[in-house]
Every structure is written in C-alpha cells, then in structure tokens.
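>>> sequence first, predicted model second:
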Amino acid sequence: MLKGKTAVITGASRGIGKAIALKFATQKANVAIIYCGNKEKADEVLKEALSFGVNAKAYKCNVADLSECGDTIKQIIADFGGIDILVNNAGITRDKLMLQMDESDFSDVIDTNLKGAFNMIKCCYKEFMKKRYGKIINISSVAGLSGNAGQTNYSASKSGIIGLSKSVAKELAGRNVCCNAIAPGFVETDMTEKFKEHEEILNTIPLKRMGKPEEVANLAAFLADDISDYITGEVIRIDGGLAM
Ligand code: NDP
C-alpha cells in the first residue's frame, strides 16, 4: 500500500499515466496529476482520484521546460508537504524514417521524453536527498532496448531514459532513493490507436495482444511500494514477450 505517500505523475491526463495516477490513488497515495495541454482530461482524472478519498491536484506543466518544472515541483511541495514518488511518464512520438525526419522532430521528442525526465528528477533531487527516501520510476519502452525503424528519435530518447535511470540509481542509492525504468511494449492508448487492429503487429507479440494501461500501472505500483525496496537501477519489460 502507498497510504500517505505523495506521488507526482507526469502525463497523467491520459493513457498509462492516468492509469498509474488512479492505481496509486486506489492504494491511498496522494497524487499530483501533471498534464501538458489537456485540462479537461486532467480534470476528469482529478475527479476520479479524489473519489478515492485522497488528496489530489492537477498541474499544467510542460516537462521539457526546466523552469516550469521547478515552479511546479515547488508548488506541489507547498500543497502536499513533500514528494515521495516521481513517475516520469510524459512522452510523445514523431515517427518518420530518418530521411524525412527533420531536426525539430528529433529535438522535440528528446526534449519531452528524455530531458523532461531529467528536468523533473533534477527538481525533486534535493527533496529526495533531504528526505533520505524516494522512488523514481521512468517510463522507457522496448524501442529503447531493441530500436525501431521509423523511431530513431523515440528509441534514442527511451534508451537515454535507461542510462539516466541507472546513473540516478547509482547517485542516489546512498540516500535510500530507488530509481527504475519500465519498458512497455504495445499498450492500448491514444499513442498506439493506429496499431490496434493490425493483425501483423499482434502476431509479433508472443501473448498475441496489446497490454492494458492498468497492467503497466500495477508494475509502477510495485516499484513505488516499499515491497520493492531492494530493486534499483533495473529495467523491467512489460511487453507480452515482444522483446525477449
Ligand atoms: P498518450 O499519448 O496516451 O499520453 C501522453 C501523455 O503525456 C498525456 O498525458 C500528455 O498530456 C502528456 N504529455 C505529452 N507531452 C508533454 C509535455 N511536454 N509535458 C507534460 N506532459 C506531456 O501516451 P501513453 O500513455 O501511450 O504513453 C505514456 C508513456 O509510455 C510515454 O512515455 C510513452 O512513450 C510510453 N510508452 C507507451 C507505449 C504504448 O504502447 N502506449 C509503449 C512504450 C512506452 P496532455 O494530455 O495534456 O497532452
């Protein structure tokens, strides 16, 4: 159980981040729901989280912007009294073969997916050091393990998340802070809407189906909980066997 803990979840207005925020709320964690532009969706998640009797609030923050992250984290600490768990889930794709990919397609994805996680960890770093406690969970992808044609930008950002997670795990281990990465395969969200009915994609997955956001949320809840205290610097695939 996550009772009494405060969790910050980026990209919590939709998809995997929403499922993580609601799973944590059902386990009685207070949740700071971070979104980028979709206030309506974030407010729906907020309403549902509050129905579990926890403290919850939604914050608009572009994770690619370090100063916005700094202001948001300061506000969350003021509102909740501290932070115990950080989930870096916000992510985007700009899929194209490299010949068609322009510089902004590459930098936008790196800035959101990789620098966004760096920014949020940097802004929570002192809080975790002071507390001598923290759980950081970064959402990578099987694309970061195996690469993917048409996703040079995205794969690079998700491989970067793995290096970032392991380095943070080593830097903060002495302060009792664990940092791990989750590498999902195909999960049913807006991001993968276009792949949903593709038989040839489902056939590449040994379990022959896409994952559900709630399944990723269960793994995040395990990594956020004290029962996983001896796991740090790990990358856990949740992909129906896709990248084994
Ligand atoms: P969705 O596209 O469904 O949701 C993306 C979320 O990220 C939204 O909440 C969005 O906010 C938020 N977001 C986007 N850009 C920013 C930004 N600059 N600052 C803050 N928030 C931002 O994505 P998924 O749920 O599918 O993916 C979640 C994570 O899981 C991503 O990191 C993705 O790469 C990873 N992943 C997903 C897989 C999948 O199959 N779905 C597979 C492997 C990894 P808003 O609603 O306000 O726009």
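Alright, I've got the coordinates.
>>> now do the contacts for the residue nearest the centre of the chain.
The residue lying closest to the centre of the chain (CA atoms, centre = their mean) is Asn89, at 1.9 Å. By CB atoms under 8 Å, 6 or more residues apart in numbering, the contact set of Asn89 is Ile9, Thr10, Gly11, Ala12, Ile16, Gly17, Ile20, Ile139. For every residue, glycine as well, the C-beta is placed using N, CA and C.
>>> residues contacting Phe106?
Per CB under 8 Å, 6+ apart, neighbours of Phe106: Arg94, Thr152, Asn153, Ala156.
>>> now, which of the residues you listed lie within helices?
Thr152, Asn153, Ala156 (DSSP state H).
>>> test my guess that the first one contacts Gln100.
No: using CB atoms under 8 Å as the test, Thr152 is too far from Gln100 to be in contact (10.9 Å).
>>> which residues of the chain lie near the ligand?
Taking CB under 6 Å from any ligand atom, the part of the chain that reaches the ligand is made up of 10-11, 13-17, 34-38, 41, 61-64, 89-92, 112-113, 139, 141, 184, 186-187, 189-192.
>>> now those: which count as buried?
10-11, 13-17, 34-36, 41, 61-64, 89-92, 112-113, 139, 141, 184, 186-187, 189, 192 (16 or more other CB atoms under 10 Å).
>>> before we move on, back to that, quick one: buried ones out of the ones in helices among the contacts of Phe106?
Thr152, Asn153, Ala156.
>>> okay, the contacts of Asn89 in CSV with pLDDT and distance to Leu202 next?
Output for those, formatted as CSV (pLDDT from 0 to 100; distance: CB to CB, whole Å):
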residue, pLDDT, distance to Leu202
Ile9, 99, 29
Thr10, 99, 29
Gly11, 98, 25
Ala12, 98, 28
Ile16, 98, 19
Gly17, 98, 24
Ile20, 99, 24
Ile139, 99, 22
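>>> mind listing what's buried in stretch 68-81?
Under 16+ other CB under 10 Å, the buried positions of stretch 68-81 are Glu68, Cys69, Thr72, Ile73, Ile76, Ile77, Phe80.
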